[in-house]
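**Q** Build me a model from this:
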Amino acid sequence: MSDRRGTNDVASLSRKGYQLLKQGEYGEAVERFEKALEIEPRNCYALVGLGDISRKQGRAKDAVKYYERCLRDDPDNAFALFGLADSYRALRKHHEALKVWERYLQHDNENVAVLTRVADAYRKVREKGKSEEVYRRVLVIDDTNPYALIGLGHLFYDFREYDEALECWLRMYKLRGSAVDIRVLTSIGNSYRKLKRFDEAVPFFTEALEKEPDNFYALFGLADCYRGQNEAERSLHFWNRILKDDPQNKVILTRAGDAHRSMGELEAAERCYRKALDMGDDLYAALGLAIVSRIRGDHATAVSLLEDLRERHPDAHRIYTELAATYSLAGRPGDAVEMLSSYPAQGTESAHVQQLIERYRRR
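**A** Below you'll find the model as predicted:
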């Protein structure tokens, strides 16, 4: 009789614990589950409940312990397998997560939520073929599944297959219309930007800004598109909007300096480059300063800055072409040819470099 009462108590405590868990009353839910475990230390319902609470509270390591305790007695417990894999995912242990997901799929291989997580995990460990295969399995089951479409888009983007990424994200855009997530808009914009189709990228970044006026990715995307279209003034407007909220961003300071330089505003460009360099070594800010010196006709300073950069960054191709251009303007075409002839090995066969060498030889 007492055993039956104990079993009933455990079941009642577990049911109440899950009810409280769904209501977000985690503290009281924990009390019920712990009381259940005092009566029955290996009760899987209580162990999974404590694991779920730990996972929802961001304590993935604690969650793993509860799920593993459950799985020692019940190796096929679907709730524990799901929770354990999701906890490993939160811990960025993608290989471990995959092993658990695969165990889960042995019992339920049509679960779309699990399949998308498996595909995500394969994507995180750069198993492109397996990731794509699983995403496409999901789309066979549900051809409008947003997680599969977005994940597949990210997979293609990660492997620089921007046309394929666009196809996925544009499908999401057509499906959701004005309710589409801002991340889809910036992803579409970035794909067009990577393809140098700047005029097609701009409307998507603009739409993203209408949803979130200070969105970094939309501001950066617009600035970089206008930069790619040689519209320095419009580009600078968006670099400055980023700098308003993030004035110590070295990359953006350098880009702003480049825009000022393109507009002939050399003092403003120099201020941006020096501010970036005050925060630490930066190849592109230093290059910008050297080019400013060259534009001013101070070739000796430009050469000195570029030679110093070449010693510190011997594999940076652009330093060689900028040095050669500076030598040529300083009336030293022979040094320009010699500089390009010592171009890093992987660039010596470049048609552009060979054209430059021939041009300087004729001077």
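**Q** quick one: contacts for I53?
**A** I53 makes contact with L21, Y26, A29, V30, F33, according to C-beta atoms under 8 Å, 6 or more residues apart in numbering. Where C-beta positions appear, they are placed from N, C-alpha and C, glycine not excepted.
**Q** same thing but 7 Å
**A** Neighbouring residues of I53 by C-beta atoms under 7 Å, 6 or more residues apart in numbering: L21, Y26, A29, V30.
**Q** what about the nearest residue to the second one once chain neighbours are set aside, which SS state?
**A** The shortest distance from Y26 to any residue other than its chain neighbours is 5.1 Å, reached at I53 (C-beta to C-beta, 6 or more residues apart in numbering). Under DSSP: H, G, I helix; E, B strand; the rest coil, the three-state class of I53 is helix.
**Q** Check which helix or strand the nearest residue in space to V184 that is not next to it in sequence maps to.
**A** Nearest non-adjacent residue to V184, counting by C-beta to C-beta, 6+ apart: M172, 5.0 Å away. Under the criterion of DSSP states H and E, M172 resides in helix 162-176.
**Q** Does the following helix or strand past that helix pack against any helices or strands, and if so which?
**A** On the C-terminal side of helix 162-176, the closest following helix or strand by DSSP H and E is helix 182-194. With contacts defined as 3 or more C-beta pairs under 7 Å, 6 or more residues apart in numbering; DSSP states H and E, helix 182-194 has these neighbours: helix 146-158, helix 162-176, helix 198-211, helix 216-228.
**Q** Could you pull out the buried residues of helix 182-194?
**A** I182, V184, L185, T186, S187, I188, G189, N190, S191, Y192, R193 (16 or more other C-beta atoms under 10 Å).
**Q** quick one: low-confidence parts of the stretch 151-300 of the chain?
**A** Within the stretch 151-300 of the chain, the set of residues satisfying pLDDT under 70 is empty.
**Q** Run through the helices of the stretch 1-150 of the chain in chain order.
**A** 2-22, 26-39, 44-56, 60-73, 78-90, 94-105, 112-124, 128-141, 146-158 (DSSP state H, counting those that start in this stretch).
**Q** residues in contact with K174?
**A** K174 neighbours (C-beta under 7 Å, 6+ apart): none.
**Q** what's the distance between it and T144?
**A** 10 Å (C-beta to C-beta, to the nearest Å).
**Q** wait, isn't A121 in contact with H95?
**A** No: counting by C-beta atoms under 7 Å, A121 does not reach H95; the two are 8.1 Å apart.
**Q** Which residue of the two possesses the greater neighbour count?
**A** Shown here are A121 and H95; by other C-beta atoms under 10 Å, A121 has more neighbours (26 against 11).
**Q** That one and P75: what is the separation?
**A** 21 Å.
**Q** thinking again about what came up before, could you report the pLDDT at the residue nearest to Y26?
**A** pLDDT for I53: 95.
**Q** Please report phi then psi for E212.
**A** phi -150, psi 90 (degrees, to the nearest 10).
**Q** residues contacting it?
**A** Neighbours of E212 in contact, by C-beta under 7 Å, 6+ apart: I182.
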